[in-house]
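Participant: Got a predicted model here, sequence first, then my questions.
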Amino acid sequence: MSTRTTRLAPSTTGDLHLGHARTFLLTWALARREGWRIVLRFEDLDPERATADSRDRTLDVLAFLGIDHDGDPLTQSADPAPYRAAMRRLAERGLVFASDLSRREIREAVAAPHAGGELRFDPALRPPPGPAWRFEDPARGRRFATPDVVVEFEDQLLGPQRTCPAEECGDFAVWTRDGLPGYQLAVVVDDARQDVTDVVRGDDLLASTARQRLLQLELDLPSPRWWHLPLVHDAHGVRLAKRNDALSIDTLRSQGATPERICGLVAWWCRWIDEPAPVEPRRLPDLASPERLREVAVLESDPDHRPRVEQETITWLCSG
C-alpha cells in the first residue's frame with residue numbers, strides 16, 4: 001500500500017485510563033499530522049474479561065477525546081479463521097507444539113528463574129516428535145519453538161534494538177487452552193490483514209516486538225515500523241493499570257475532566273507546553289512531529305523522567 005497505516009488496538013477488558021489516553025492521543029496526533037490512515041481494532045480474545053459493554057465505553061471515550069479512525073473497526077472474536085490458518089501453517093513447518101505444563105511446572109523444571117523475572121519456557125521442555133506438533137485439537141494450548149537467534153530492528157523513537165527471545169522467554173505461547181490465538185499470534189495476523197505499516201504503542205511491549213518479528217518471518221508477513229512510547233506511572237512509580245478505576249477516563253470525566261484538559265496534560269507531559277493548560281484535541285497534530293516524539297522517548301527512557309499522575313494532576317484535570 002502507498003498510504004501508511006497505523007492502528008488503535010484497545011482491549012475490551014476494562015476502562016481506558018490516562019496512560020491509554022496519552023498513547024492513543026499521541027498515535028492519533030502523529031498519524032493525522034503525517035497523513036496516515038488509522039484503523040481501529042478491538043482485542044477481545046480474553047473470554048473471561050472481554051465484554052461488549054467495555055467495547056462500547058471504549059468507543060465513547062475515544063469520541064470524547066476527539067480521536068477518530070478510518071473505516072470499520074475489526075473485532076478479533078468475529079472471525080477465528082485467519083488465526084487458525086496461521087497456526088496450520090506454523091504446524092506444517094514444525095514450529096508449534098502442544099504443552100499442558102502449568103506455570104508452576106515450568107518454573108520448577110528449570111534450575112533458576114530468568115534474571116529479568118519473566119518465566120522462561122526452556123526448549124528442553126518441548127515434547128518429542130509426534131502428535132503434539134500437529135494442529136489437530138484447537139482446544140490445547142500451543143507454544144512457538146523459538147529459534148536461538150538475535151533479532152534486530154530499528155525503533156523509530158528509541159533507535160536500534162537487539163534482543164534474543166530464546167534467552168528472554170524461550171518458547172512463548174501462541175494458542176490458548178480456550179481454543180483462541182494468543183496475543184503474539186493475533187497481533188501479527190491482524191496487523192497484516194489490516195495493512196498496518198506503523199505500530200505506535202507503549203514501551204512495555206518492546207520485548208514483544210522481537211517475538212512478533214519472528215512470527216512474521218515464519219509466516220512470510222511484512223514487518224511494520226515500530227514506535228514505542230514510554231508509559232505513564234502513578235505517584236509511586238508504578239505503571240497505570242485498568243484496575244485503578246480512579247484514573248479511568250470515565251471516572252475523571254464524571255468528576256469534571258474535559259478533553260481539552262486531558263490533551264493539555266499530555267502536551268505538558270511531553271514538554272510541549274511550559275505548564276498544564278487546556279489544549280484542544282485538534283491542536284495536538286501540530287505539536288506531535290516525529291522529531292518531537294523522539295525527544296520525548298529518549299528523555300523518558302530514564303525512569304526519573306517518566307510522566308506521573310500525582311494528586312495535583314487529578315485536581316487540575318477535574319477543575320475544568
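Facilitator: Thanks, I have it.
Participant: helices and strands around the helix of greatest length in the chain, which ones?
Facilitator: Secondary structure of the chain read by DSSP state H shows that its longest helix is helix 18-34. The contact analysis (3 or more CB pairs under 8 Å, 6 or more residues apart in numbering; DSSP states H and E) places helix 18-34 against strand 5-8, strand 37-42, strand 198-202, strand 225-229, helix 249-254, helix 259-269, helix 284-287, helix 290-300. (Glycine included, C-beta is placed from N, CA and C.)
Participant: who wins for proximity to residue 151 among those?
Facilitator: strand 225-229 (11.6 Å; CB to CB).
Participant: I'd like to check the angle between the closest one and helix 18-34, please.
Facilitator: Interaxial angle, strand 225-229 versus helix 18-34 (axes from the mean of the first three to the mean of the last three CA atoms, to 10 degrees): 140 degrees.
Participant: any idea of the mean pLDDT for the helix or strand following strand 225-229?
Facilitator: Next helix or strand after strand 225-229 toward the C-terminus (DSSP states H and E): strand 233-234. Taken as a whole, strand 233-234 has an average pLDDT of 90.
Participant: Show me what strand 233-234 is in contact with.
Facilitator: The contact list for strand 233-234, computed with CB atoms under 8 Å, 6 or more residues apart in numbering, reads 239-240, 244, 247, 306-309.
Participant: Let's see that with 10 Å instead.
Facilitator: 17-19, 239-241, 244, 246-247, 303, 306-310, 313 (CB atoms under 10 Å, 6 or more residues apart in numbering).
Participant: coming back round to it: got TSV for the helices and strands packed on helix 18-34, with mean neighbour count and mean pLDDT too?
Facilitator: Conversion of the helices and strands packed on helix 18-34 to TSV gives the following (neighbours: other CB atoms under 10 Å; pLDDT from 0 to 100):
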stretch	mean neighbour count	mean pLDDT
strand 5-8	24	98
strand 37-42	21	98
strand 198-202	21	97
strand 225-229	21	97
helix 249-254	18	95
helix 259-269	22	97
helix 284-287	18	97
helix 290-300	16	95
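Participant: picking that back up, report the two of the contacts of strand 233-234 separated the most.
Facilitator: Of all pairs in the contacts of strand 233-234, the most separated under CB to CB is 246 and 303 at 22.6 Å.
Participant: circling back: out of the contacts of strand 233-234, which one has the lowest pLDDT?
Facilitator: Within the contacts of strand 233-234, lowest confidence goes to residue 244 (69).
Participant: mind giving me TSV with the helices and strands packed on helix 18-34 and columns for distance to residue 85?
Facilitator: Shown next, in TSV, are the helices and strands packed on helix 18-34 (distance: least, CB to CB, whole Å):
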stretch	distance to residue 85
strand 5-8	20
strand 37-42	18
strand 198-202	22
strand 225-229	25
helix 249-254	36
helix 259-269	39
helix 284-287	37
helix 290-300	35
